[in-house]
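Trainee: Sequence plus predicted model, see below.
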Amino acid sequence: MAAEAETQKPQETPPKVQQVTENLILTLSDGTKVKRRAPRQRACNEPGEKGKICAGHLKRWYFYGDEVKQKLGPEAEIYRCEHCHTLYVPDEQEPPRTLIQHW
Ligand SMILES: [Zn+2]
């Protein structure tokens, strides 16, 4: 007999759409949003077209201007969504998982 009571679906983490703007830290003068990443977040969760989230990849970004440096520090660790260009700073509780060379 098959034990069908044990129906385990693969773990699907529901997208927390309501939380979208909660991590907003600041908005730059040019309208760029700066948000705090959730732990291990690797994709942008900004709302995009038709209510879907952007889901662009967050990439380490080094080319921020003086405004970002003033507000987040000259050596700030910044990630940028390659799709909508929202900026992200890492979660403070998240230790660096990879060694990133400074250059
Ligand atoms: Zn995005």
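Mentor: That came through, no problem. Numbers count the residues shown, from 1 in each chain.
Trainee: Name all residues that make contact with residue 86.
Mentor: When contacts are counted by C-beta atoms under 8 Å, 6 or more residues apart in numbering, residue 86 is found next to 32, 33, 34, 35, 44, 46, 54, 80. Any C-beta I mention is one placed from the backbone N, CA and C, and that applies to glycine too.
Trainee: could those go into TSV alongside neighbour count and secondary structure?
Mentor: Compiled in TSV, the contacts of residue 86 are given as follows (neighbours: other C-beta atoms under 10 Å; DSSP: H, G, I helix; E, B strand; the rest coil):
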residue	neighbour count	secondary structure
32	17	coil
33	18	strand
34	22	strand
35	24	strand
44	24	coil
46	20	coil
54	19	coil
80	22	strand
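Trainee: got CSV for the residues you listed, with pLDDT too?
Mentor: As requested, these are exported to CSV (pLDDT from 0 to 100):
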residue, pLDDT
32, 95
33, 94
34, 96
35, 94
44, 95
46, 93
54, 94
80, 97
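Trainee: nearest to residue 23, of those?
Mentor: Comparing the contacts of residue 86 against residue 23 with C-beta to C-beta places residue 35 closest, at 4.7 Å.
Trainee: And the strands in this structure?
Mentor: Taking DSSP state E, the strands of the chain run over residues 24-27, 33-36, 58-61, 78-81, 87-89.
Trainee: Tell me which of these approaches the ion most closely.
Mentor: Each of the strands of the chain was scored for nearness to the ion using C-beta to the ion, and the closest is strand 78-81 (3.2 Å).
Trainee: what's next to the closest one, contact-wise?
Mentor: Contacts made with strand 78-81 from outside it, assessed by C-beta under 8 Å, 6+ apart, are listed as 37, 44, 46, 54, 56-62, 64, 68, 72, 86-90.
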